[in-house]
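In: Mind folding the following:
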Amino acid sequence: MKTKSLLFAALLASVAAYAQPSVTTAGAKYVVIEEGTGAWCGYCPEGDYILEGILASTPRTIAISIHDNINTIRGDLNSYDMMEATDGTGYDFTHTTGYCNGYPQAAIDRVPAFGKVGQTEVSWAYYTNLEVTNSPKFDVTLLHAYNASTNTLTVWVYAKTLIPITGKYNINAVITEDSIASVGPGYEQHSSLFRNSSSHFYHVGTPNSDTSSAILGPADYVHLHVLRSYLGGAFGDDSVIADNAPAYQTYSKKYTYTIPATYKKKNLHIVGMVQKYNATDVNDRAVDNGIQAQFDSTAVQLSLDEVAGELESVAIFPNPATTNCLVFARTTTNENIQISITNIIGQTVLQYSAKAANRLISENINIEALPNGIYLVDVSGGNTSVKKKLVVNK
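Out: Model (predicted):
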């Protein structure tokens, strides 16, 4: 609940899909659904149920649930929510801009409809299905690494323009947490649906004395996709992507985040996204594309090997790969970089030449024709050559 079967099926599916330290959109469009919600909000459980249905049935969708502790406005414990992002970035999104005028509401890629970005739950599926058919302007690649000794998460977001861009776009990274129990003040979910026979929460939970409302306990409900922080602020970093950028340029932003001890790391997700930014119009800040990864505590390195010479670093992911892999490299110049792939007997099976932009290489290599096995990828530029192993496993 959200029904538990639906919620946990969706959660398990997301774990299976994203349990890796590097993910990329690879030319596909992903939709970011940012839901305004609250533990105090009696009608939000139905919105959450609808959201989980969209995630389960619609491919390439990402959810961020922004909790609002409106106790700070109302001054009463009935509007208490301990899951509001402590850095204020969620509040900046839902209040400062007026995006969320009621609950539950959600922004679907922050695209306005009927003059506002926040939409009621009855329209979420409709607008999500519209958005997912759009062609993105950016490929977004997300990598992360974890340092256990400092409890620090490092996130890299790469944005590659697929077409010439008009206007200003920002990079952002987002931290969310799943599976927060509905237990205790500020966490237990209120429900105004106990007597609503058309609701999925009809006669669910522990009702109050007149059964007009109920508390949903841990057996009834779990909080998912809870926003912990927009690392680049609610509207992203505006100093990374060049204004009116040409096609096939790659831009990157590195974030560091110290994970609070109260967060369960195994339930964390990281979202990387590119957002349009209009300084004077809050209704013109749509999300172009995004990608999500489940936190991987074993990602102690980013697969970025620091090397000397013209190549400063090289990464290949995913690895193992099935149909495509991305070769990333940081360079000291914008000269051409040569990429060659050889099989275990030394035969060259693929060759590419890539030109750096902003001293970054982002090359998407089609490996569908390669049989399963181990290959050697040689990335060379100037006086530097880096060799890395690639596993093809279809």
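
In: What strand or helix carries Ile54?
Out: Using DSSP states H and E, Ile54 falls within helix 44-57.

In: Which strands or helices does the next helix or strand after that helix pack on?
Out: Next in sequence after helix 44-57, counting helices and strands by DSSP H and E, comes strand 61-67. Applying 3 or more CB pairs under 8 Å, 6 or more residues apart in numbering; DSSP states H and E, we find strand 61-67 packed against strand 31-37, helix 44-57, strand 169-177, strand 226-230, strand 287-294. In this view, the C-beta of every residue, glycine as well, is placed from N, C-alpha and C.

In: what's the angle from the helix holding Ile54 to strand 61-67?
Out: 160 degrees (axes from the mean of the first three to the mean of the last three CA atoms, to 10 degrees).

In: still on that earlier bit, may I see the helices and strands packed on strand 61-67 arranged in CSV, with mean neighbour count as well?
Out: CSV is the format used below for those (neighbours: other CB atoms under 10 Å):
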stretch, mean neighbour count
strand 31-37, 27
helix 44-57, 21
strand 169-177, 25
strand 226-230, 23
strand 287-294, 25
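
In: how about those in TSV, adding mean pLDDT?
Out: TSV is the format used below for the helices and strands packed on strand 61-67 (pLDDT from 0 to 100):
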stretch	mean pLDDT
strand 31-37	96
helix 44-57	95
strand 169-177	97
strand 226-230	97
strand 287-294	95
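
In: For Ile339, find the nearest of those.
Out: Closest to Ile339 of these, according to CB to CB: strand 287-294, at 22.9 Å.

In: thinking again about what came up before, which neighbouring elements make contact with the helix holding Ile54?
Out: Counting contacts by 3+ CB pairs under 8 Å, 6+ apart, helix 44-57 packs against helix 4-18, strand 31-37, strand 61-67, helix 124-131, strand 189-191.

In: secondary structure class for the residue lying closest to Glu46 once chain neighbours are set aside?
Out: In this structure, Glu46 finds its nearest non-sequential neighbour in Ser199, 5.6 Å apart by CB to CB, 6 or more residues apart in numbering. Ser199 falls in the coil class when you classify it by DSSP: H, G, I helix; E, B strand; the rest coil.

In: Let me know the pLDDT of Ser199.
Out: As predicted, Ser199 sits at a pLDDT of 93.

In: Ala214 is in contact with that one, correct?
Out: No. Between Ser199 and Ala214 there is no contact under CB atoms under 8 Å: 11.0 Å.

In: Show me which of those two is the more surrounded one.
Out: Taking other CB atoms under 10 Å, Ser199 and Ala214 do not tie; Ala214 has more neighbours (23 against 17).

In: bridging residues for the more buried one?
Out: In this structure, Ala214 bridges to Ser191, Pro207 when assessed by DSSP bridges.

In: Contact partners for it?
Out: Residues in contact with Ala214, defined by CB atoms under 8 Å, 6 or more residues apart in numbering, are His190, Ser191, Leu193, Phe194, Phe201, Val204, Gly205, Thr206, Pro207, Asn208.

In: Who wins on neighbours among the residues you listed?
Out: Counting by other CB under 10 Å, top hit in the contacts of Ala214: Ser191 with 28 neighbours.

In: Show the contacting residues for that one.
Out: Here Ser191 is in contact with Gly42, Pro45, Phe201, Val204, Gly205, Ser213, Ala214, Ile215, Leu216 (criterion: CB under 8 Å, 6+ apart).

In: what does Lys266 give?
Out: Phe295, Ser297.

In: can you confirm it is in a helix?
Out: Yes. Counting by three-state DSSP, Lys266 is found in a helix.

In: quick revisit: so which of the contacts of Ser191 comes closest to Asn372?
Out: Among those, and counting by CB to CB, the member closest to Asn372 is Pro45, at 46.1 Å.

In: my read: the closest one touches Ser213, true?
Out: No. Applying CB under 8 Å, one finds Pro45 not in contact with Ser213, separated by 11.2 Å.
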